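In: got a predicted structure plus its sequence, pasted below:
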Amino acid sequence: MSIQKVFIVGAGLMGSGIAQVCAQCGMRVLLYDVNRQAVERGLDKISWSLGKLIEKGKVTEDQRSVLSRIQIATDFGEAAGVDMAIEAVFEKLEIKQDVFRKLDAACDSKAILASNTSAIPITELAAVTGRPENVLGTHFFSPVPMMPAVEVVRGMLTSGQTLDTAVAFVRRIGKEPIRVQYDVPGFLLNRINLVSYVEAIRLLEKGVGTVEEIDRGVRLAFGRRMGPFETGDMVGLDVSYGALLAIYEESRDSRFYPPRLLRRKVKAGQLGRKTGSGWYAHDAEAGRKD
Ligand SMILES: NC(=O)c1ccc[n+]([C@@H]2O[C@H](COP(=O)([O-])OP(=O)(O)OC[C@H]3O[C@@H](n4cnc5c(N)ncnc54)[C@H](O)[C@@H]3O)[C@@H](O)[C@H]2O)c1
């Protein structure tokens, strides 16, 4: 089966990016969010990003014609004719399971149901559906239009055919599939990345380094484009916190226990770029303020 039509649940940072890359590659997209304003913000973000890519010559198609392939969905019922649904809602098991139940009821029995979860085991999402063999993880990285890697994650009951279809889908949208053979929470890449994020926060808590020094050092020493706090603000402190909790809950591995400072910032609503402050202060128009 080749994927032609996709239903995306959640129009936030990731869902809007996934909608964009699918539409850029000629697929028809239905974008759904419980929050209507989120869909509108998502569509604005897509227009802005497409504009930049066209300016740089990375997308050659006219902006309006790419956008015409993305439609706003107002109901799960509209997922009836799609080949694949991708869930990108908040990182909470109960919310995601509720979405999977609704997708399972709405989608054709052959359709693939995928999650963009950062850390929740795919098997726990597949378990609430009647088609666990058609459920898997497609874990994109932010910003989606720029980052080439997508983890393709096998749940305990995911079929080989579903994995092959998802790998072909990932290639078709111009990304590189990274196969994950077993759905340990955090999969491959977040497990590696989050350990260093936690360590950076712990070093900050102890006063060994500042946010700016740690980021600058990581950029210069390891050749990364962003330091851990810059990445943390882009990803969202709540998203990393949710991922750490999910990994810690299953593994009880103290390397993933969310540091106190991260927890406090999340409780205080300092979630990064999306709220205007996190590890840095941000300005919606001009980017970082300090
Ligand atoms: N932020 C990142 O860098 C990143 C990277 C990889 C994976 N992820 C994962 O992707 C998922 C989404 O993250 P995000 O950063 O886009 O979050 P976000 O907060 O930007 O967007 C989530 C969206 O989901 C919507 N939503 C919540 N419940 C819903 C429901 N029941 N039905 C429909 N829509 C609903 C919200 O209104 C919101 O617009 C999470 O599972 C996260 O762990 C995030």
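Out: On my side now, so go ahead.

In: neighbours around Cys22, how many?
Out: 26 (other Cβ atoms under 10 Å). C-beta: built from backbone N, CA, C; applies to glycine.

In: quick one: it and Leu30 touch, right?
Out: No: in this structure, Cys22 is not within contact of Leu30 by Cβ atoms under 8 Å, at 10.3 Å.

In: identify the residues contacting Leu30.
Out: Applying Cβ atoms under 8 Å, 6 or more residues apart in numbering to Leu30 gives the contacts 5-8, 71-73, 78-79, 82.

In: shared neighbours of Cys22 and Leu30, which are they?
Out: 6, 8.

In: how many residues are close by Gln37?
Out: Neighbour number of Gln37 under other Cβ under 10 Å is 9.

In: going forward, begin numbering at 146 instead of 1
Out: In the new count, where the first residue is 146, that last one comes out as Gln182.

In: can I assume it sits in a helix?
Out: Yes: if the criterion is DSSP: H, G, I helix; E, B strand; the rest coil, then Gln182 is within a helix.

In: OK, contacts around it?
Out: By Cβ under 8 Å, 6+ apart, Gln182 has no neighbours at all.

In: separation between it and the ligand?
Out: Applying Cβ to the nearest ligand atom, to the nearest Å, the value for Gln182 to the ligand is 9 Å.

In: now the helices for the stretch 296-435 of the chain?
Out: Applying DSSP state H, counting those that start in this stretch to the stretch 296-435 of the chain gives helices spanning 305-317, 334-350, 356-367, 373-380, 382-396, 405-412.

In: would you single out the least confident of the ones you listed?
Out: Here the helices of the stretch 296-435 of the chain differ in mean pLDDT, and the lowest is helix 382-396 at a mean of 92.

In: hmm, back to that, reformat the helices of the stretch 296-435 of the chain as JSON lines; add mean neighbour count.
Out: JSON lines is the format used below for the helices of the stretch 296-435 of the chain (neighbours: other Cβ atoms under 10 Å):
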{"stretch": "helix 305-317", "mean neighbour count": "17"}
{"stretch": "helix 334-350", "mean neighbour count": "18"}
{"stretch": "helix 356-367", "mean neighbour count": "15"}
{"stretch": "helix 373-380", "mean neighbour count": "23"}
{"stretch": "helix 382-396", "mean neighbour count": "21"}
{"stretch": "helix 405-412", "mean neighbour count": "16"}
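
In: okay if I get the ones you listed as TSV plus distance to Glu232?
Out: Below are the helices of the stretch 296-435 of the chain laid out as TSV (distance: least, Cβ to Cβ, whole Å):
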stretch	distance to Glu232
helix 305-317	14
helix 334-350	17
helix 356-367	31
helix 373-380	18
helix 382-396	14
helix 405-412	22
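
In: would you turn these into JSON lines with distance to the ligand?
Out: What follows is the helices of the stretch 296-435 of the chain, written out as JSON lines (distance: least, Cβ to the nearest ligand atom, whole Å):
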{"stretch": "helix 305-317", "distance to the ligand": "14"}
{"stretch": "helix 334-350", "distance to the ligand": "8"}
{"stretch": "helix 356-367", "distance to the ligand": "17"}
{"stretch": "helix 373-380", "distance to the ligand": "4"}
{"stretch": "helix 382-396", "distance to the ligand": "4"}
{"stretch": "helix 405-412", "distance to the ligand": "12"}
